[in-house]
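Colleague: return a 3D structure for these sequence lines:
(chains A, B, C and D)
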There are 2 protein chains.
Amino acid sequence: MWELFQREKPRMLAAAAEADLSPMQAHALRMLDPEEPRPMSELAGALFCDASNVTGIVDRLEARGLVERLGAEHDRRVKALAVTPEGVQVRGRLFARMQDAPSSIAGLSAADQRALRDILRRALG
Amino acid sequence: MWELFQREKPRMLAAAAEADLSPMQAHALRMLDPEEPRPMSELAGALFCDASNVTGIVDRLEARGLVERLGAEHDRRVKALAVTPEGVQVRGRLFARMQDAPSSIAGLSAADQRALRDILRRALG
DNA sequence: TATTGTTATACTCTATAACTATA
DNA sequence: TATAGTTATAGAGTATAACAATA
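Modeller: Next up, the predicted model:
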């Protein structure tokens, strides 16, 4: 199972590198929602890392002009992370690169691919 | 697909933390073969990272007494990485923790789990 | 000359603890 | 008092370039 992800790791690294982003920066950008700004704390949860860590990751994304720290009206402590127009473009390219089926799976029969998709859909609820 | 992996990440982190290893150190230890020492370069390939990087990772594992740099008789440039008896124990615990089925998959029907296993087996060749 | 692994360097990721400003 | 985010710090991961030893 993990073997499958292991094999695809180079593709993830390449996708981030093409956008000139570190793997973590790419991951963070993917986790954000261009439609709806999310607080730093939520990003920390999505990345499974400490809040202090997110500060630096967002600093670098913001310096690149890909995200923006917005104020939240209901609570002046929280900073809502918005994806800038340029961020949306980079994010789109990242998703496009990763939505291609992993090569190991692309080699399966159409029936197997369909069955796999259905099973995973049930697994993820 | 990646969503599945994402959900299991905390378990991977916890497994490494329980052994008091960084995620990368745990990964490296898993990639090594207790039966047959492997050169640094092969580990770099398995980890998808630069050789210069592996030097530090192995330094820390060696300092913990989990691996050993052995000389290779056929080529005096290469250093063969052997897993020490203590390394074998830690490695065994890591594998045990990770071989439990991911919770999303454990919730599937027996038939789905069987089908998934068969499909993945074909995918991995 | 080419290859294996190390060192030097610079940057990123990571958690802990202490801090600011809000609530 | 408690929470959201930052800063300071120290350690770990990362790639590039230059290097030593060996092939």
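Colleague: what packs against the helix or strand harbouring A:Ala80?
Modeller: Assessed by DSSP states H and E, A:Ala80 sits inside strand A:79-83. Strand A:79-83 is packed against strand A:38-39, helix A:40-47, strand A:67-71, with contacts defined by 3 or more CB pairs under 8 Å, 6 or more residues apart in numbering or on different chains; DSSP states H and E. For the C-beta atoms, the positions are set from N, CA and C on the backbone; glycine is no exception.
Colleague: for the closest residue to A:Val83 other than its chain neighbours, grab the count of nearby residues.
Modeller: What sits nearest to A:Val83 in space, not counting adjacent residues and going by CB to CB, 6 or more residues apart in numbering or on different chains, is A:Pro34, at 4.3 Å. When counting by other CB atoms under 10 Å in any protein chain shown, one arrives at 15 neighbours for A:Pro34.
Colleague: the residue minimising distance to the centre of chain A: what's it in contact with?
Modeller: The centroid of chain A falls nearest to A:Arg30 when counting by CA atoms, centre = their mean (2.3 Å). Residues counted as contacts of A:Arg30 (CB atoms under 8 Å, 6 or more residues apart in numbering or on different chains) are A:91, A:94-95.
Colleague: who touches A:Leu94 in this structure?
Modeller: With contact taken as CB under 8 Å, 6+ apart, A:Leu94 is in contact with A:15-16, A:19, A:26, A:29-30.
Colleague: next one: A:Gly125
Modeller: Contacts of A:Gly125 by CB under 8 Å, 6+ apart are B:Ser104.
Colleague: how far away is it from A:Ile105?
Modeller: Between A:Gly125 and A:Ile105 the distance is 21 Å, computed by CB to CB, to the nearest Å.
Colleague: pull out the buried positions in the worst-scoring helix or strand of chain A on mean pLDDT.
Modeller: None of the helices or strands of chain A scores lower by mean pLDDT, DSSP states H and E than helix A:103-106, at a mean of 86. The neighbour-count check on helix A:103-106 (16 or more other CB atoms under 10 Å in any protein chain shown) flags A:104-105 as buried.
Colleague: does it come close to chain B?
Modeller: Yes. Interface with chain B: helix A:103-106 contributes A:104-105 (CB under 8 Å from any CB of the partner chain).
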